[in-house]
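J.: Make a model of this:
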Amino acid sequence: MSSPLIVSLGTSPWGKYEAPGVAAPFDTLEKVSPLLDVFYSRGHRHIDTARIYGYGTAEELLAAAEEKHPSLVVSTKIFPTRTTPLDPRYEPYNLNEHDLKLGLERSLTALKSEKVETYFLYDPDRNVPLEETLVTLDKLYKEGRFARWGLIRHPAWLVARIQELCSANGWVKPTVYQGIYNPFVRGVETEVIPCIRHYGMSFEAAQPLGSGILGGRYRKGFPDSEHPKGGRFDPSHFIGLHLRHRYWHEPIFDALEMIEQAAAKHGLTARECAIRWAHFHSAIKPELGDRLILGAADAQQLSEVLDFVEAGPLPEDVVKAVDNSWQEAKIVN
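T.: Have a look, this model is predicted:
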């Protein structure tokens, strides 16, 4: 019997962003509760968050939700904002001993918890000796502040370096890697996934719908005026510009059409195909502890996406179309 795929609920749009032009669709407990109701009722408990989400308020919302939804399994992240500036309103951190401890303490305080399941380093910090970061994580792990730790946006050579340093010094090793992974972004297959498999690490796939580009709304020539203010691909603010840089390109829309044409022959949508491809046809291996991080605009959409996770493998010609679409999309990704 195959292992079930672990699904995590992503919370990147949660919290009070208070930034000009940025939508805050999930900034209160009343707004996030319907999502958690659906997620919880389907037997899922894993939540993916970060200290930078909502400037820390996403973690606070999760704490508020615990009364109605107990036993959530939370992973959070620290981003080295001193080294890679994002927005002046984000708390400044390096990955040195002081800031690692401070960032984790703030996360645990916001979550009203003594520990998290997974603590991720969101980005490398080349201004801090790697050994200092690793020995600090080892101390925090031994203090029981997290059950495991992981890496995001680290190249394969650095993953290997970290693993070898931890092994040589007896420090706790990272056991999970999180990365963007969908039909249009598959770069991790080349070096990162072979590397983490060598070291026995699991993989968590983020943005399986390409931040919504595979959601069925967007087409080539979609007018800027029709983007909701502060929406994912709204070019008037920094988040929209960031996501457009990754997805808003003609080869991506050509790739999308390839999937949609194959899907339509079977009465499917590109959105359903992307989720089923991730579960059954990609490099994701549930038996190795891999996870899929899902997001949704509302509770109904989340319920539909969870249905897709359980729907089974895709027809062979659709899988071929998805693979062919990557040949088009990888021009920009």
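
J.: The most centrally placed residue in the chain pairs with what?
T.: The centre of the chain sits closest to Ala206, judged by CA atoms, centre = their mean, with a distance of 3.3 Å. In this structure, Ala206 bridges to Ile180 when assessed by DSSP bridges.

J.: wait, doesn't it sit right on Asp290?
T.: No - using CB atoms under 8 Å, Ala206 is not in contact with Asp290; the gap is 12.0 Å. Where C-beta positions appear, they are placed from N, C-alpha and C, glycine not excepted.

J.: and the gap between Ser325 and Asn169?
T.: 44 Å (CB to CB, to the nearest Å).

J.: So those two - more neighbours on which side?
T.: Ser325 (25 against 11; other CB atoms under 10 Å).

J.: May I ask you to confirm that the more buried one is in contact with Val185?
T.: No - at 11.5 Å, Ser325 does not count as touching Val185 under the criterion of CB under 8 Å.

J.: Just the pLDDT for Ala297.
T.: The model reports Ala297 with a pLDDT of 89.

J.: Could you do the one 5 residues further on as well?
T.: On pLDDT, Leu302 comes in at 97.

J.: mind checking which helix or strand it is in?
T.: helix 299-309 (DSSP states H and E).

J.: just checking, next helix/strand downstream of that helix?
T.: helix 316-329.

J.: how about that following helix: buried residues?
T.: 318-319, 321-322, 325-326, 328-329 (16 or more other CB atoms under 10 Å).

J.: just the strands in the stretch 1-150 of the chain please.
T.: 6-10, 46-48, 73-78, 116-121, 146-152 (DSSP state E, counting those that start in this stretch).

J.: What pairs with the shortest one, parallel or antiparallel?
T.: Here strand 46-48 is paired, per DSSP bridges, with strand 6-10 (parallel), strand 73-78 (parallel).

J.: which of the ones you listed sits most buried?
T.: Highest mean neighbour count among the strands paired with strand 46-48 (mean count of other CB atoms under 10 Å): strand 73-78, with a mean of 24.

J.: which residues are contacting it?
T.: 8, 45-52, 59, 62, 93, 95, 99-100, 103-104, 107, 111, 113, 116-122, 150, 152 (CB atoms under 8 Å, 6 or more residues apart in numbering).

J.: Show me how to select, in ChimeraX, the buried members of those.
T.: In ChimeraX, this line selects whichever of those come out buried by 16+ other CB under 10 Å:
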select :8,45,46,47,48,49,50,51,52,59,62,93,95,99,100,103,104,107,111,113,116,117,118,119,120,121,122,150,152
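
J.: so which of the strands of the stretch 1-150 of the chain gets nearest Glu226?
T.: strand 6-10 (24.8 Å; CB to CB).

J.: how much distance is there from that closest one to the middle of the chain?
T.: Taking CA atoms, centre = their mean, to the nearest Å, one finds strand 6-10 lying 9 Å from the centre of the chain it belongs to.

J.: Taking their axis directions, it and strand 116-121 sit at what angle?
T.: 70 degrees (axes from the mean of the first three to the mean of the last three CA atoms, to 10 degrees).

J.: follow-up on the earlier one: how about TSV for the strands paired with strand 46-48, with distance to Leu134 and mean pLDDT added?
T.: Formatted as TSV, these follow (distance: least, CB to CB, whole Å; pLDDT from 0 to 100):
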stretch	distance to Leu134	mean pLDDT
strand 6-10	25	98
strand 73-78	14	98
